[in-house]
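Colleague: sharing a model that was predicted from the sequence below.
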Amino acid sequence: MAFFYLLRTLGKIDTIMLSEISHRKIPLLLHILLLSVLITKSITIDKFPLLFTFFLGGIVSAAIAFLLLFAKIKASIHMIGISALTVFIIGLSIINEVNTIHLVAFFVIVNGLVASSRLVMKAHTNKELLIGFVCGTLPQLGLFYFWL
């Protein structure tokens, strides 16, 4: 919230919705920076390898969303987050050999609810939601190789 108020005071963003593509660049860079500090100082690979790879996937997802901005493509950051979390939970159930089908089903429903809410609010199009889903899912799936 402090970064939001700072960016709003400086005139870099106008609302929390970040509807314009140009307003998304600095918050995404701050997100990448904060996650980088988190995984280098606190959640290191030797202490928390699973969380480390989850947040590393978050950095990759944010970097992809940032790079897409230069092609004038807006990805839903909400969908990036919830889809990455869903894939991470699926990975946790696989690695721990625990049946979490109810939890996975719940998060699949939450993915749908998030997408529906973004459409109802007219914050995104179907294409932007799909791009966000892919941006959140693929890095997590790619990092399965390192921890499964």
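Modeller: Alright, I've got the coordinates. Numbers count the residues shown, from 1 in each chain.
Colleague: and the contacts of the lowest-mean-pLDDT helix or strand in the chain?
Modeller: The helix or strand of the chain with the lowest confidence, counting by mean pLDDT, DSSP states H and E, is helix 2-9 at a mean of 78. With C-beta atoms under 8 Å, 6 or more residues apart in numbering as the test, helix 2-9 has contacts from 13-14, 16, 26-27, 30. Backbone N, C-alpha and C define where each C-beta goes, glycine included.
Colleague: which residues touch the helix or strand just after it?
Modeller: Next helix or strand after helix 2-9 toward the C-terminus (DSSP states H and E): helix 25-41. With C-beta under 8 Å, 6+ apart as the test, helix 25-41 has contacts from 3-4, 7, 12-13, 18, 45, 52, 55-56, 58-59, 62-63, 65-66, 69, 77.
Colleague: ChimeraX command for the buried members of those?
Modeller: Remark: buried members of the contacts of helix 25-41, expressed as a ChimeraX selection using 16 or more other C-beta atoms under 10 Å:
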select :7,13,18,52,55,56,58,59,62,63,65,66,69,77
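Colleague: stretch 108-120 - what's its average pLDDT?
Modeller: Across stretch 108-120, the average pLDDT comes to 96.
Colleague: in it, what counts as buried?
Modeller: 111, 114-115, 118.
Colleague: could you dump those residues to JSON lines with distance to Leu35 and secondary structure?
Modeller: Shown next, in JSON lines, are the buried residues of stretch 108-120 (distance: C-beta to C-beta, whole Å; DSSP: H, G, I helix; E, B strand; the rest coil):
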{"residue": "Asn111", "distance to Leu35": "21", "secondary structure": "helix"}
{"residue": "Val114", "distance to Leu35": "20", "secondary structure": "helix"}
{"residue": "Ala115", "distance to Leu35": "23", "secondary structure": "helix"}
{"residue": "Arg118", "distance to Leu35": "22", "secondary structure": "helix"}
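Colleague: what about this structure, any weak spots by pLDDT?
Modeller: Within the chain, the ranges that satisfy pLDDT under 70 run 15-19, 148.
Colleague: quick one, phi psi at Ile45?
Modeller: phi -70, psi -30 (degrees, to the nearest 10).
Colleague: now for it: which residues touch it?
Modeller: Neighbour list for Ile45: 39, 52-53 [criterion: C-beta under 8 Å, 6+ apart].
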